[in-house]
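Student: no sequence on this one, just coordinates:
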């Protein structure tokens, strides 16, 4: 099963920054996962939240500000004083430096309007053969499949805990049906709500499975044995092929 450093190595280095990705690339993992959004001045930037409050301490909406405004913020200090001064990267900065033998999993947080800008950059750096494209949004994954017919596209789905029962509902069979209609490559699902029977249904439908929130070695071994394609980890120092494949 392939391993991806989630937002680089978010448990260890400020997420979605160049140092996080560069650190992950030194480790025995197959690739990194990152998030992209489109700014007011049509720049593709790497950031997870639609707002900068959590990671930069300033309350701004990414889509409503320019890249220069975002670049002026500190995206490292929230993780600790030693990370002071870390900056938000352009997607172009990341993809231009990514090792050719590593996969870059790109989660689209914006709407479909980002796709032409993303496509231009991927073509510029001849990177279409080293990426996976993902999104939570059905219209986005549908558009991604249409725009990138030869690139793997994964539809991400969460299962949120019910606030009253504190139970995570199981994934619906409808997800598999909709995934097949959109002709996506696979589903990316949270292991906390994933039942063994559902894994079998996903794989039997000809979809590949990526799992996230991998928090133990047991999870890695279980889903490797079941035939999952990949898993994301917040700590690629603890969870990598050298530590796991023994």
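Tutor: Here it is on my side, so go on. Predicted model only: the values in this text are computed from it and were never measured.
Student: contacts, neighbours, all on C-alpha from now
Tutor: Fine.
Student: mind giving me the packing neighbours of the longest strand seen in the chain?
Tutor: In the chain, ranked by residue count with DSSP state E as the criterion, the top strand is strand 31-38. Helices and strands touching strand 31-38, by 3 or more CA pairs under 8 Å, 6 or more residues apart in numbering; DSSP states H and E, are strand 2-6, helix 18-24, strand 44-46, strand 103-108.
Student: can I get the ones you listed in a markdown table with mean pLDDT and mean neighbour count?
Tutor: Shown next, in a markdown table, are the helices and strands packed on strand 31-38 (pLDDT from 0 to 100; neighbours: other CA atoms under 10 Å):
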| stretch | mean pLDDT | mean neighbour count |
| --- | --- | --- |
| strand 2-6 | 98 | 26 |
| helix 18-24 | 98 | 21 |
| strand 44-46 | 98 | 24 |
| strand 103-108 | 98 | 24 |
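Student: which residues does the residue positioned nearest the centre of the chain contact?
Tutor: Centroid-nearest residue in the chain, with CA atoms, centre = their mean: residue 33, separated by 4.0 Å. By CA atoms under 8 Å, 6 or more residues apart in numbering, the residues touching residue 33 are 4, 5, 6, 7, 8, 104, 105, 106, 107, 232.
Student: what lines up beside the longest strand of the chain in the sheet?
Tutor: Paired neighbours of strand 31-38 in the sheet (DSSP bridges): strand 2-6 (parallel), strand 44-46 (antiparallel), strand 103-108 (parallel).
Student: average pLDDT across it?
Tutor: Mean per-residue pLDDT for strand 31-38: 98.
Student: hang on, the earlier thing: so which of the contacts of residue 33 comes closest to residue 40?
Tutor: Nearest to residue 40 among the contacts of residue 33 is residue 107, at 19.0 Å by CA to CA.
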